[in-house]
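**Student:** Predicted model follows, preceded by the sequence.
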Amino acid sequence: MQATVDRPVWSAAHGHALRAMPDDLAAAVPLALYSTAVAAGFARVFSGWQFFDNLLVIVLFGHGASFALRRARVAGWIAVPVVAVGLAWVIGAMHYRFTYNYLLPGSDTWELFTSELDLVREQFSTAVAPVIYGGGWDVLASIGVAAAVLLADAFAFRAYARAEALVPGGVLFVFVAALGDDRDRVATTVALVAAGVLSTAMLRAYHTGRRSSIGARRSPSSLALPGALAAAAVIALAAGVIGPALPGAGAEPIYDATGGGGGLTNVVNPLVDIRSRLTNRSNTEMFSVQTNEPSYWRSAALAEFDGRLWGIPDRRPESAAGRIAAADPANRQILQNLRIINLGGSFVPVAPDPVEVTPPPGIDMRYSAEDATLFALDRELVSGDTFVVNSTRPALDAATLEVATSVDPPDPIYLELPSGYPDAARTAAAEVTAGAATSYEAAFRLQQWFRTEFRYSLDVQSGHGSNAIESFLRSRTGYCEQFAGTFASMMRSLGIPARVAVGFTPGTEQVPDSYIVRGKNAHAWPEVWFDDIGWVLFEPTPGRGAPGTAGYTGVDAAQDESAVPAAEQPTEVQQDPGAVPTTVVDPRRLDPELGEDFLDPGTGGGFAEDPTPTSSGRSIPVLPILGVLVLVAIAPLLSRWYARRRVGSPAAQLTRFWRRALRSLEDVGVTSDPSATPIEAADRAAQQFPISARPIRGLAAAVTAATYRADGTIGLDVVGSYGHSTMRDCASWCRQIERASLDSISYPARVVRHFTRWS
């Protein structure tokens, strides 16, 4: 007999668990799809799709672990921190697993993590999408997705919220979109909208099912799923087709949220630091050169390295008109007739090393031989300015450089490194050049190591400070700035003088001996000092090679030869000689009396930056959107805070629950008679809105007892042995009525109620 009694009781409980599990899973899966769509939104800021598998692991682990802990009936105050710790472990294992000891992170993990976050912090204000998935950006994306997953699951299944569960991921998606470009913009947005609609519908069914009868023949989730899928498809289709066609969809943003350090205006800035943009691939014509021999056109050479940026030391240039240096008759002469088109700024890019200059009339030219800078003192360059320059270059080969020493540089600054220079770079330099007998052999080995072991890519962020150097050596991916800056600093770590030069590759030959140099030809390269010879160019950047240097670098001439589409062929811009060009690098100029130097004291010896930089990333009105999303998220929190402040006496609380219940019933058309008793009002509500029958009658009974019995309010808040009290039951009945009415009103009415119901 005992077995026959126990068996049905156990079966009922077990059957309830089996029925509850599909509803829980049916609500968790769409929420995981929503988080997956948020992760896919990072396609707007990262190049390629290498990021997606890592972010997908975070999504699956976060939602999966949360689901498992819910099924194990682990309390939320324990489960949420456990999932957070698990997500942190997964992120560390994905990005820093080589620093783990016995499957646990250590001090090396934290040191590497903080180092990469410092790098991201330095780059964030000027980074322009796409960026490489690495160098700290990968960890930052992982943390963002993990936080969105954790909050979404906690809101949905621990706080029993629906739309609020989508807010963290939505905020992250909008923030990423604001910083990104147009890549897959419509596709990722459609996926997010579809997953969001589906999640909201299934969460509603899940929460309704928790309040419905256990004996329902079909689960609420199974009933809601077909309609939810149809609604998600229709709304997503409308968002993808109608949204981009709405008036103003392609308009300029209300607020430009992209980084402020990129664009054509900085492409020739001699300050090669974290904010420079040598990745610019513009087809804009910068200048033209008629010459008897193509060359790298050098704008400046940077000697000072403070650990974060390369710059020009505080030196006073000499006047530059006519003969500016002695010419060695043994050297080859490079004659140049350079005409400015859209270059702007003050610096004139010329072949190394100029010995004679004829500037346009009325321009006060200055030249610094130590820094290889030729620039106009009293005004910017404008379209039509023409310079006639004669440079000389020695004929060099490997045999000549093999016997040359590098022990007597013109200034000790060419050997200086900051105190925080990374040991990893010193070690790599020593290992790569081990056994090299001469300075040339060391430079050649280091050059070949970069060209063969590293990959050239424009989809990375600029910089070659300590953090950037370590990141570059780990990822082995970068563009000319990283190659040049890291090469020069590693040579210095070997005791060999080196510096960084910036300028342009030869450009495109239009007719014999005539070249057009475009924005995409901007380039940086290292130069190494050899006694009695001078500064010698090396080329560590893959895919690049300077003309006339193959005899000692082993690298043939090469540059960006990508074709210019006919539709993008720029027309030569004609400017008023007195006008300021639109693409201006704005270094601080020398005072005519040499009373002020042109060095920006705030940059450690570099030129000041353009005060109005441009950006190549697309931006959207992010601040207004973020403001709306934050307001949506905090409105219910403010409401609950306001209600808790008004706790009051048991009678006051009970009165407030009753009024809230009646107000919610009015939202669904249940009329009330002020003269009716609570029991009569409850009976009327049960007839007009049957789903509220049980909670409204229970609440009415409590109100009646408290009103008409002398001791009716005594013991309302006394908690019994099962954790219940009359006041807690009344609060629960009130919330049930509010949720039931909320589920029955239109979406516009829900929005109004969301922001106006404060107690």
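**Tutor:** Thanks, I have the structure now.
**Student:** Domain ranges for the protein, per the record?
**Tutor:** Per automatic domain parsing, the structural domains of the chain span 14-245, 264-603, 643-756.
**Student:** can you pull the contacts of residue 448?
**Tutor:** residue 554 (CB atoms under 8 Å, 6 or more residues apart in numbering). Bear in mind the C-beta positions are built from the backbone N, C-alpha and C, glycine included.
**Student:** ok so it is a helix residue?
**Tutor:** Yes: the assignment for residue 448 is a helix, going by DSSP: H, G, I helix; E, B strand; the rest coil.
**Student:** Can you lay out the domains of the chain as JSON lines showing mean pLDDT?
**Tutor:** Listed next are these as JSON lines, based on pLDDT from 0 to 100:
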{"stretch": "domain 14-245", "mean pLDDT": "77"}
{"stretch": "domain 264-603", "mean pLDDT": "78"}
{"stretch": "domain 643-756", "mean pLDDT": "80"}
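**Student:** Please, where are all the strands along the stretch 251-400 of the chain?
**Tutor:** Taking DSSP state E, counting those that start in this stretch to define them, one finds strands in the stretch 251-400 of the chain at 285-291, 297-302, 304-305, 310-311, 318-319, 322-323, 332-340, 354-358, 365-368, 373-376, 386-393.
**Student:** Mind checking these for the one nearest to residue 30?
**Tutor:** strand 310-311 (51.4 Å; CB to CB).
**Student:** Which elements pack onto that closest one?
**Tutor:** strand 304-305 (3 or more CB pairs under 8 Å, 6 or more residues apart in numbering; DSSP states H and E).
**Student:** Looking at the strands of the stretch 251-400 of the chain, spot the one closest to residue 502.
**Tutor:** Nearest of the strands of the stretch 251-400 of the chain (CB to CB): strand 297-302, 5.5 Å.
**Student:** by how many degrees do the closest one and strand 354-358 diverge?
**Tutor:** 120 degrees (axes from the mean of the first three to the mean of the last three CA atoms, to 10 degrees).
**Student:** For burial, what's the neighbour tally of the closest residue to residue 682 other than its chain neighbours?
**Tutor:** Leaving aside its sequence neighbours, residue 682 sits nearest to residue 700 (CB to CB, 6 or more residues apart in numbering; 3.6 Å). Residues near residue 700, counting by other CB atoms under 10 Å, number 22.
**Student:** Next one: residue 700 from residue 187, what distance?
**Tutor:** Residue 700 sits 53 Å away from residue 187, going by CB to CB, to the nearest Å.
**Student:** just residue 350 next, same as before
**Tutor:** 48 Å.
**Student:** ditto for residue 29
**Tutor:** In terms of CB to CB, residue 29 sits 21 Å off from residue 187.
**Student:** still on that earlier bit, who's more crowded, residue 350 and residue 187?
**Tutor:** The residue with more neighbours, out of residue 350 and residue 187, is residue 350; 25 against 13, by other CB under 10 Å.
**Student:** Would you mind confirming that that one makes contact with residue 335?
**Tutor:** No: judged on CB atoms under 8 Å, residue 350 makes no contact with residue 335 at a distance of 10.9 Å.
**Student:** what sits in contact with each of these two?
**Tutor:** Shared contacts of residue 350 and residue 335, counting by CB under 8 Å, 6+ apart, come down to residue 389.
**Student:** Would you agree residue 52 is in contact with residue 39?
**Tutor:** Yes: using CB under 8 Å, residue 52 is in contact with residue 39, at 6.6 Å.
**Student:** So for the two, which sits in the more crowded spot?
**Tutor:** residue 39 (29 against 16).
**Student:** Excluding sequence neighbours, find me the nearest residue to that one.
**Tutor:** residue 55 (3.8 Å).
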